[in-house]
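Undergrad: coords below, sequence missing:
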């Protein structure tokens, strides 16, 4: 294994539309980036179906993790400049931790996380991939995993990877805003990173960052409701979820379905954590899955003889998305039953089929989380203040209250 | 007088770093822009002394009014597209109203508004200038003035010029952010303007604009405390105010002072509204005043024999700004007296002199104003909702409570 | 059919990272955009495999045609402002012409244009699609096609769609620069469009545009060599071409290959123009093809038993791209033979197999084309000047000479 | 004197609209920046009268030197990363050299350099200021001066300060483009700096930079003709030059003229290099001069009884700029005489007066200089190639030929 920062001939500079140049700091990181597990993220869109509403939002998880790693490098530079000791090994491990943090995501993770597999989260799958990579790349990855799982002796390194101020969300808010064209979501990462500090081992912000943090949280809330939970995107995601559920249901009834070999495995079986633990072929197959498996199947399924499946798939492909209504209170059982009756009557589906076509659920977003994970501000006397108490008036506390919205979605051509 | 939009050979395109090209829509507007009263704004910085903290913030009031006029053109286009009738004459008048809205500002208006003249506001001086221009350019300017003073039959035109959502603040927030480099202040003007609408003659926003408005208000608050009321800027402004007061005091005691003829008139006399009303020479002289008169004087005064004046002026020029402390409660009379005693003792000034060098005051900003001027949102049922009630949780209400900060500033070289 | 610009309730605004908001000008255009033929372009990347070098370059042909249509709207506005008469019907037709100009592209068109089908260009396929759409949407599309094929009475409308200064290349240069992060390719479209004019029915530029045009041409050349013909991209494209050729060769020998039904048709047959003319199923199948068919196949083929196919596919997927050398003169037959011998000897392939793995060819780019298509400048006396003659010195002429580069590419693991 | 990079409490971060944050690397540099000689540059516009055409172009020489220092920091980082040894002292000196390189500029330097003083260049005045600063700040400034005057042992450090690829022009091209809104002038400084290298002590570029350099040179040429030598700007500058010459002529005839004490000294005397060498008061006075002295005088002089002076000054203030014609050949003596006769006849001036109002001259710009200062490219074999030879075709050679334009300017109200 090469020591960090050893000289090398490998291409170390990547163009990024947001940050200009991203330097790839050392050869080990370069090699991890080129491993198929990471290259797979080139074929998974960061925002899934959001491009149906924001057609520019075609950026991949791969560019996101590169961007987050770049911000990590900047943050470590700032903390060192303020006197925090961070060794070259710790720096490498922190970069690896953020580079690998999303490696367990499947295609359309936001929508499909709990439908492709059951009872296992993307974080657990990330852990399994990192275990395998550790066997190849050695000790540095173990240290990365300790940071990732908050078992490393310096908690601020974990907080740079995962907290309310981590490099992950700084990059994704900026990147999602940039590519979607919702420019109001753009945040001042330079300024926020410049004001990071470490106090008794914890990541904190200098007090003067207060207005920037407030704006960061408001921007994040805006992105949730304007992009991530945009009602048209939600409708499309629920259609995709139900197309996949229908395909699984058909596959498990031995109906023939076009699918890549990897996708076939997950359709034919209800794959759970047990499967992953007991047979490596499940993780191998998961490592093959990306957006192309899903789109490739959906495209062919629009001509399937099962009318539920073909309706869902052709509606997605042709962007004939279901109507979706939003309300502050739950839709009544009567209203939902009424919509189902309509669909049955007009389109000739059975009651069981209709459950694949009328959806209702609750959307929740909390812009800021209070409590143990509070963002802490460091004032000029070296005292810590919790963000809501530091903030003028009540804004931040207000932002910490979850916003809840109920929806009801259904086909319109009845 | 030419009709609006008549063909012409005049140069009608101006490069603007923010908006790209600004078209000058017609010859009358072109001619008004070239009148010396408006050209004077080329020599008045929008942000006064803020460039002592943000050296890029050198933009002029002239570029601001051009930018605001450009946004007015966009806004009128949007409202027309939504079915609102606006005649060519009304469009021209609305553009003129915003073009002229700042014409009464003097140099360093934020700091010096009440020290160069007394008992007359910049709005009243604007009115006097517009009266004179109306005699030259005719009826169109009268209509502009009706819009400006909210006496025109379509209140939304006035609200585009002056309200919590006017084109004035949309441009200045964007422009001040852009030039200062405080990029967090940048707002999505395109999106906000796109969501403007008119309901029963009043300017409103479509309901889906809610997160954008929230972010607009938070950005505005950030700009206040980060730029406009930045403590170092406040210190510099109070030094400038007191330098001018001292110069006036000296001038009225017949002490010889270097000054341009126009500035001399305002130093030698306590010019009030009466002067303006009774003798045109005061408005003539005001029309000559710009930043160069002030800086030109300050530069020479740093060598004046009056020690108070020379100390203040040389400190401004050399950027040796006074120390300033900020607190949430007023500074006690004892503390203030103590600072004054120090200055007296260490620097050898009299009690009267010291009042020109130790300052304390209250800074207030309210990000959002509730009540009659509330921003109104139009929902899909065509009903109006007040912004705070439409907003999830309590944020907007919180932003409507004024933030107050007390300061104490004094020289440090004692 | 609705008249142009009739009122409508359809969503008419799309966020674009480059231009902010793109307005969809009328309902007919809105409906054409939503037709599956155009929606297919959402699933075809503009730059094919360039994202292997520039990972941000994931933008689709769909966003490109929207952007080009937006620039068309701006250009028509400028020409009208300068007195050129353009009717509402002509405007609609010109927008449709540019919206549809790329509709015949297949996946990875730059690489695969002549391998998926034979003897038929993407322009001819576009024409066939437009014919079908004309049957659905009527007369307006016929007019668009006349403009597209330069048979309309106003040649400048065609030149806005297709010439050395067309809205197509203005958008793609800007968009490709923006997404790839090669910011030097960004051009001043606003300024260039602002200086467009019409002289005796032809599209020209005002003379003062000369430096902007020069810069536009230099930017275009830079984009060719830095992005479009980047040597790593070329290597990847030739690998993809040969993977597809191999798959076709295998398919036509009745070897079983995973493929979507649409791709299967083009693998199993050498589809030519005749096929398209004689049987609608070929155009139907072509309308199904997009990047997912290709990636979906490549991913599965990396495990195919044919070693040539599996090597090529797994190398593309894992980004183990072949080594590529560039020279100003052709590589000698001896050198090429030598590389082939190496591959045979080291990797155990036959001579026939090796032709799928060692590539040599010529890359040519001419930044500017002189002659009939010259960019013409209009001077202040109303005279036309050919660009090279107007340009100071010899630059433009120099740019008109083609640059030629030879390459040799081969696997490195031997 | 503090060692470089010693810890300090001084504010070390400045917001810059172009680069985000500029770090002030050490306390010595911080202190030099705060010296009145450098603070004076806050009151001198980088582009003089260009804001009469590009109203956004209000940026100061102060922000330019900060920006250039920032780019120097980036360039040194790149060269070190590529193995070039640069000590902390050398880095500090190189930063100081570029920080101070413009310190000898007076107000409107481009126009007035040879009219405020005679027979002494701004570089010589810079040298005198640096000599004084060296007495205050010590050895580091001496080293900076050695770099500045190319007497230091590492020529590449000088070339970073002054050459065809120096940080000075990289910053000014970018900054002038940004503020003027002529976005086509923006260059890829990140990329160019990333490709810098040192070969045998000389600053070179990696060969792959070739298209970027070509574009850099074309952008520079565009900025010259579009901004720096824009014909309206040239007209205004010649008017200013002649206003000052007229004022000098009057002052030396003992006519009373409003002026600041510093300007008065330069009006009343023909100050030459001898004066600077023999009496420190001339450098002291020069250190007081900035744009305010010139504008302050021009504003008052528009009411002067000398008709030539008042006409020139009021025309500048009111932006009634003279008509200017451009030609590729010199204007004939007859044509010039004719214009002078017109002015005399129509406006009643004497022959001597008219020479202050009719101007003709030659404008020259060479985008690239061949010969000893050629930009050298380093190919992959470690060989140097001169840029024109490396460039495809003839472009660069073409750019090396000077472009010459003749102008004739005269008042239009006759």
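TA: Yep, it's here. Computed from a predicted structure; not experimentally measured.
Undergrad: The residue of the stretch 51-200 of chain A found nearest chain C: what's its closest spatial neighbour, skipping adjacent residues?
TA: Across the stretch 51-200 of chain A, the shortest distance to chain C (C-beta to the nearest C-beta) belongs to residue A:181, at 3.4 Å. Backbone N, C-alpha and C define where each C-beta goes, glycine included. Closest residue to residue A:181 apart from its sequence neighbours, by C-beta to C-beta, 6 or more residues apart in numbering or on different chains: residue C:15 at 3.4 Å.
Undergrad: Quick one: list the elements packing against the helix or strand containing the one you found.
TA: Using DSSP states H and E, residue C:15 sits in strand C:13-16. Counting contacts by 3 or more C-beta pairs under 8 Å, 6 or more residues apart in numbering or on different chains; DSSP states H and E, strand C:13-16 packs against strand C:20-23, helix C:61-81.
Undergrad: The first one - contacts with which helices or strands?
TA: Here strand C:20-23 is seen to pack against helix B:189-194, strand C:13-16, helix C:61-81 when contacts are counted using 3+ C-beta pairs under 8 Å, 6+ apart.
Undergrad: Dump these to JSON lines, plus distance to residue A:316, mean neighbour count and mean pLDDT.
TA: Shown next, in JSON lines, are the helices and strands packed on strand C:20-23 (distance: least, C-beta to C-beta, whole Å; neighbours: other C-beta atoms under 10 Å in any protein chain shown; pLDDT from 0 to 100):
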{"stretch": "helix B:189-194", "distance to residue A:316": "28", "mean neighbour count": "22", "mean pLDDT": "89"}
{"stretch": "strand C:13-16", "distance to residue A:316": "19", "mean neighbour count": "18", "mean pLDDT": "91"}
{"stretch": "helix C:61-81", "distance to residue A:316": "16", "mean neighbour count": "21", "mean pLDDT": "96"}
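Undergrad: Please tabulate the ones you listed in a markdown table, including the columns distance to residue B:264.
TA: Formatted as a markdown table, those follow (distance: least, C-beta to C-beta, whole Å):
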| stretch | distance to residue B:264 |
| --- | --- |
| helix B:189-194 | 42 |
| strand C:13-16 | 56 |
| helix C:61-81 | 48 |
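Undergrad: so which of the ones you listed comes closest to residue D:281?
TA: With C-beta to C-beta as the criterion, residue D:281 lies closest to helix B:189-194 of these, at 52.1 Å.
Undergrad: ok, back up a step: any chance of the helices and strands packed on strand C:13-16 in CSV, with distance to residue A:140 too?
TA: As requested, the helices and strands packed on strand C:13-16 are exported to CSV (distance: least, C-beta to C-beta, whole Å):
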stretch, distance to residue A:140
strand C:20-23, 44
helix C:61-81, 39
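Undergrad: Of all those, which one is nearest residue B:143?
TA: Of all those, helix C:61-81 comes closest under C-beta to C-beta, at 24.9 Å.
Undergrad: who does that closest one touch, helix- and strand-wise?
TA: Under the contact criterion of 3+ C-beta pairs under 8 Å, 6+ apart, helix C:61-81 touches strand C:13-16, strand C:20-23, helix C:36-39, helix C:88-100, helix C:155-161, helix C:167-180, helix C:189-194, strand C:196-199.
Undergrad: and of these, who's closest to residue C:405?
TA: Residue C:405 lies closest to helix C:167-180 among the helices and strands packed on helix C:61-81, at 19.7 Å (C-beta to C-beta).
Undergrad: What count of nearby residues applies to the closest residue in space to residue A:271 that isn't next to it in sequence?
TA: Nearest non-adjacent residue to residue A:271, counting by C-beta to C-beta, 6+ apart: residue A:117, 5.0 Å away. Residues lying near residue A:117 (other C-beta atoms under 10 Å in any protein chain shown) number 24.
Undergrad: Distance check, the residue of the stretch 251-400 of chain A found nearest chain C against residue B:207.
TA: Nearest residue of the stretch 251-400 of chain A to chain C (C-beta to the nearest C-beta) works out as residue A:296 at 3.7 Å. To residue B:207, residue A:296 is 40 Å away according to C-beta to C-beta, to the nearest Å.
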